[in-house]
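In: I'll drop the sequence and a predicted model, then ask my questions.
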Amino acid sequence: MARSYRPIDGVLLFDKPLDLSSNDALQKVRRVFQAEKAGHTGTLDPLATGLLPICFGEATKFSYALLDADKRYRSTVRLGQTTTTGDAEGEVLVSSEVAVALDQVQDVLSKFRGPIQQLPPMYSALKHQGKPLYEYIRKGETIERELRDVVIHELVLHSYNGLELDVSVRCSKGTYIRTLGEDIGAALGCGAHLTALRRTGIAHLDLEAAYTLDQLSEMTEEQRLACLMPVDSLMPTMPKLTLDEVQVKRIAQGQRLGLDTGLPDGRVSLYGPQGFAGVGLLQGRRLAPERLLSSLAKQAATIVSPQIGVE
């Protein structure tokens with residue numbers, strides 16, 4: 001019998017297991033919820049575990065709210081070996097003796113805090129001419145890449161046993177932790193690669209609130225649905241603007257509103273009598289719709305008379 005899928009809206013914090021791609025994880029969770037539409041907010045390597053926010057239904061429209069967010073990781077960096085991929089999945093290229101003291105480690109780590117530049121790895125999903133870089137390297141081709149600016153907000157050493165570093169990182173978007181590990185190893189003069197990587201947070205979202213596939217599979221349907229966060233949980237720090245019913249209908253029809261809001265220019269979360277309505281773009285006194293809930297289309301079909309304050 002064909003599986004029956006249904007409309008579900010909300011955000012699930014999922015704890016991705018080892019050796020599962022982000023897309024495979026997405027599909028497994030989607031099947032558990034029997035959701036019609038689902039998407040994730042950022043790829044994790046198969047050898048990485050941890051936080052993978054999954055958006056269902058209307059929430060997929062607003063996953064972009066996390067694109068520029070800082071991310072947090074816990075990682076194990078193995079000194080003395082470099083690999084083809086920068087992690088344990090690749091083949092060992094060079095092995096070196098490790099004779100690095102703790103104070104040397106601390107000194108090198110201090111140099112990687114703050115704004116730094118990274119060369120994106122060939123084994124990555126970064127695209128060149130529409131194809132991810134890893135497709136080129138699999139064919140033996142190397143593509144010239146440009147250094148990119150990233151920021152390491154926090155880099156904390158939890159332990160060092162003479163061979164492995166246990167570190168946590170809070171970094172800006174676009175940071176490659178594999179590359180960070182390799183660069184730390186190069187600066188220590190012995191090379192390095194990652195043996196473990198776990199994403200522990202994205203912006204305000206934390207791994208401690210995430211669910212595993214086993215946990216979700218053992219729940220009742222009611223319990224699983226209770227795990228979902230509302231759509232607007234993706235953007236809690238975005239300025240909020242409340243509209244009346246007429247204004248919501250006008251916005252849903254694609255019209256701009258003239259409003260004195262007192263809010264700064266930029267994106268704002270829109271709320272109407274029924275709750276969250278979408279995201280608008282505020283420029284001066286003009287409010288334009290950016291992305292709205294699909295359910296507002298029904299309201300837009302209702303004809304309302306022109307109102308003062310509508311442009």
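Out: That came in fine, so what should we check first? Everything numeric in this text was worked out from a predicted model, so none of it was measured.
In: where's the nearest residue to Gln118 once chain neighbours are set aside, which helix or strand?
Out: Distances taken as C-beta to C-beta, 6 or more residues apart in numbering place Thr179 nearest to Gln118, at 4.9 Å, with adjacent residues excluded. C-betas here are computed from N, CA, C, even on glycine. Here Thr179 sits within helix 177-188, counting by DSSP states H and E.
In: Arg170 - how many residues pack around it?
Out: Residues near Arg170, counting by other C-beta atoms under 10 Å, number 17.
In: That one reaches Arg74, doesn't it?
Out: No: here Arg170 lies out of contact with Arg74, judged by C-beta atoms under 8 Å, at a distance of 10.7 Å.
In: hang on, the earlier thing: would you mind identifying the next helix or strand past the helix holding Thr179?
Out: Once helix 177-188 ends, the next helix or strand along the chain (criterion: DSSP H and E) is strand 192-202.
In: Quick one: mean pLDDT for that next one?
Out: Strand 192-202 shows a mean pLDDT of 97 in the predicted model.
In: got the CA coordinates for it in CSV?
Out: Extracted C-alpha coordinates of strand 192-202, given in CSV (Å, rounded to 0.1, in the frame of the first residue of the first chain):
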residue,chain,number,x,y,z
ALA,A,192,46.2,17.1,11.3
HIS,A,193,42.8,15.9,10.3
LEU,A,194,39.4,15.6,12.0
THR,A,195,38.4,12.3,13.5
ALA,A,196,35.0,13.5,14.9
LEU,A,197,32.7,16.5,14.3
ARG,A,198,29.4,17.3,16.0
ARG,A,199,27.4,20.4,15.4
THR,A,200,26.0,21.6,18.7
GLY,A,201,24.2,24.7,17.7
ILE,A,202,22.9,27.1,15.1
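In: Determine the set of other helices and strands touching it.
Out: When contacts are defined as 3 or more C-beta pairs under 8 Å, 6 or more residues apart in numbering; DSSP states H and E, strand 192-202 packs onto strand 48-56, strand 71-79, strand 81-83, strand 164-171, helix 177-188.
In: Go through these and name the closest to Glu222.
Out: strand 48-56 (15.8 Å; C-beta to C-beta).
In: Does anything pack onto the closest one? Which helices or strands?
Out: Applying 3+ C-beta pairs under 8 Å, 6+ apart, we find strand 48-56 packed against strand 10-16, helix 22-33, strand 38-40, strand 192-202, strand 205-206.
In: which helices and strands sit right next to the first one?
Out: Spelled out, that is strand 10-16. Strand 10-16 sits against helix 22-33, strand 48-56, with contacts defined as 3+ C-beta pairs under 8 Å, 6+ apart.
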